[in-house]
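In: coords below, sequence missing:
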């Protein structure tokens, strides 16, 4: 299984970020073929201070092959273009194999 994380730092306008993410980006990303599960973590808390991230989104793909196909899909290209339109300066994307 491959997990991709989108790590979002606090945006300048959190209300607008939240609106765009929920109404536009989330539905686009959920259309990506091969995406098995997507979890959005909001209202992050940190022990002893402010958390580094405002939101973390976890996306699960069943295999390396499924992940590769998903990343090359038209649906993912649309989601990526949208992501860069509203979160370019606050997002970091990472992915790797899940060990259970």
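Out: Nice, I can see it. Model, not experiment: these values are computed from the prediction.
In: all strands for the protein, in order.
Out: 2-8, 37-41, 55-61, 91-97 (DSSP state E).
In: if we compare those strands, which one ends up closest to residue 80?
Out: Nearest to residue 80, of all the strands of the chain, is strand 91-97, at 9.0 Å by CB to CB. Every residue, glycine included, has its C-beta placed from N, CA and C.
In: Distance to residue 14 added to the strands of the chain, as a markdown table?
Out: What follows is the strands of the chain, written out as a markdown table (distance: least, CB to CB, whole Å):
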| stretch | distance to residue 14 |
| --- | --- |
| strand 2-8 | 10 |
| strand 37-41 | 14 |
| strand 55-61 | 9 |
| strand 91-97 | 14 |
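In: Dump the ones you listed into JSON lines; add distance to residue 67 and mean pLDDT as well.
Out: Shown next, in JSON lines, are the strands of the chain (distance: least, CB to CB, whole Å; pLDDT from 0 to 100):
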{"stretch": "strand 2-8", "distance to residue 67": "4", "mean pLDDT": "98"}
{"stretch": "strand 37-41", "distance to residue 67": "13", "mean pLDDT": "97"}
{"stretch": "strand 55-61", "distance to residue 67": "4", "mean pLDDT": "98"}
{"stretch": "strand 91-97", "distance to residue 67": "7", "mean pLDDT": "98"}
